[in-house]
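1. Coordinates only, no sequence provided:
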């Protein structure tokens, strides 16, 4: 396919799968239960952080965290007592993300929200930046702190050449504005043209079949390679093609 044919093909697939009908079993359904901006941010970040493995299992694990927080994430984050965290630390949450990690996240959320109204403030891009590589690292420094902790591994680093798939998915949810009922678009200060596609095994394999990328690894360098192509297809909304790649993976149309 030439570039025009490729765009028409992927636009069609993105349009089909960018619909609430296809998020019934997706972790993004969880933050859609809330109206308060901070509740959405917290549940979206937690949902994205543990988004590996079976999707039903992921949703169940997020619901477990919500139950612990009394289904009022922001209120719990701001007003929790130390004894609440002691209760959490020994709990099993989701695979390697355990109660200690969850309680650490709650502490860090509280520190951030005591100084900022939104997590968006931690992801703002500098004028010369055109992707989230440095932004994610600044967020990691502010959110995780400088002192090493086991929880740091749950927020991956582009500086270590990680594709940072889960945090890129969170950013897509927060930034993209299209009123289709999937992405929230509640952040006002970050332009969606700087988003990248959350790259994992599935989107990577589909992208190679379509010859969008040539690198075999699913790492940050490959994210940048994919950026070059999808931004040619739609410079204002490149991350919408995540829906197309996801849809092609689900339908197995290319296999």
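-> Now that the structure is in, tell me what you want to look at. In this text, all values refer to a predicted model and were calculated from it rather than measured experimentally.

2. Only C-alpha atoms from now on, for both contacts and neighbour counts.
-> Will do.

3. Backbone dihedrals for residue 76, both of them.
-> Backbone geometry at residue 76, expressed as degrees, to the nearest 10, gives phi -70, psi -40.

4. Let me see the contact set for it.
-> Taking Cα atoms under 8 Å, 6 or more residues apart in numbering as the criterion, residue 76 is in contact with 69-70.

5. Need the pLDDT of it.
-> For residue 76, the model assigns a pLDDT of 97.

6. got it, and the one 5 residues further on?
-> The predicted local distance difference test score for residue 81 is 90.

7. Ok, residue 23 next?
-> At residue 23, pLDDT is 81.

8. Let me see the backbone angles for the nearest residue to it once chain neighbours are set aside.
-> Nearest residue to residue 23, sequence neighbours excluded (Cα to Cα, 6 or more residues apart in numbering): residue 29, at 6.1 Å. Main-chain torsions, residue 29, degrees, to the nearest 10: phi -60, psi -30.

9. Equivalent analysis for residue 219, please.
-> phi -130, psi -170.

10. Could you measure from it over to residue 192?
-> The gap separating residue 219 from residue 192 is 21 Å, by Cα to Cα, to the nearest Å.

11. higher neighbour count, those two?
-> Neighbour totals were compared for residue 219 and residue 192, and residue 192 leads with 23 against 20 (other Cα atoms under 10 Å).

12. Spit out the contact partners of the more buried one.
-> 172, 175-177, 236-239.

13. farthest pair in those residues?
-> 172 and 236 (13.3 Å; Cα to Cα).

14. Once you drop chain neighbours, what's closest to residue 112?
-> residue 143 (6.9 Å).

15. Contact partners for the one you found?
-> 108-109, 112.

16. same thing but 10 Å
-> Neighbour list for residue 143: 105, 107-112, 119, 122, 137, 152, 155 [criterion: Cα atoms under 10 Å, 6 or more residues apart in numbering].

17. same deal with residue 1?
-> With Cα under 10 Å, 6+ apart, residue 1 has these contacts: 7, 9, 210-211.

18. Now do the spatially closest residue to residue 94 that is not a sequence neighbour, the pLDDT please.
-> Take residue 94 and drop its neighbours on the chain: the residue closest to it by Cα to Cα, 6+ apart is residue 61, 5.8 Å away. Residue 61 is assigned a predicted lDDT (pLDDT) of 95.

19. how many neighbours does residue 61 have?
-> Neighbour tally, residue 61, other Cα under 10 Å: 22.

20. Check the secondary structure at it for me.
-> helix (DSSP: H, G, I helix; E, B strand; the rest coil).
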